[in-house]
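Chemist: with the input below, show me the fold.
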Amino acid sequence: MKSTIGERIRILRAIKSLSQENMANELDISVASYSNIERDVTDLTVSRLLKIAKILGIKASDILEMETTNVIAESDQKGYKSAVQLENSIDDLKIQMMKMAAELETLKGIKSPRKQKRK
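Modeler: Model (predicted):
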């Protein structure tokens with residue numbers, strides 16, 4: 001099955017551990033505009049495709065010709081998996097931190113017992 005250009009760009013971006021914000025900044029466009037590229041909402045111009053390829057460190061023809069499975073296989077598959085795992089780990093850590101912050105707020109309301117003086 002042939003993947004879309006946007007899907008290939010998204011996978012290559014993830015392999016390179018770049019965020020959509022990184023890509024948008026490099027292309028001097030909004031994150032929403034860049035997201036539209038990856039979702040194939042916006043048709044790419046040749047000049048934009050060339051810029052994206054340069055940022056990703058590949059040839060534009062590679063983006064146009066590759067199948068998604070080949071993109072992953074020919075790129076650092078472990079790096080892609082690591083990027084996804086890292087993103088999931090960060091999300092898990094954020095949730096844990098929010099829970100800990102809530103627990104701390106609860107504990108602030110509880111006064112610790114004072115040590116009694118020994119006689």
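
Chemist: what about the helices in this structure?
Modeler: 5-15, 20-27, 31-38, 46-56, 60-65, 68-74, 77-108 (DSSP state H).

Chemist: weakest of the ones you listed in terms of mean pLDDT?
Modeler: Confidence, taken as mean pLDDT, is least for helix 68-74 of the helices of the chain (a mean of 50).

Chemist: what sits against the closest residue to M23 other than its chain neighbours?
Modeler: Closest residue to M23 apart from its sequence neighbours, by C-beta to C-beta, 6 or more residues apart in numbering: Y34 at 5.2 Å. Just so you know, the C-beta spots here come from the backbone N, C-alpha and C atoms, and that holds for glycine as well. By C-beta atoms under 8 Å, 6 or more residues apart in numbering, Y34 lies in contact with Q20, M23, A24, L27.

Chemist: residues contacting the second one?
Modeler: Which is M23. Contacts of M23 by C-beta under 8 Å, 6+ apart are R13, Y34, I52, I55.
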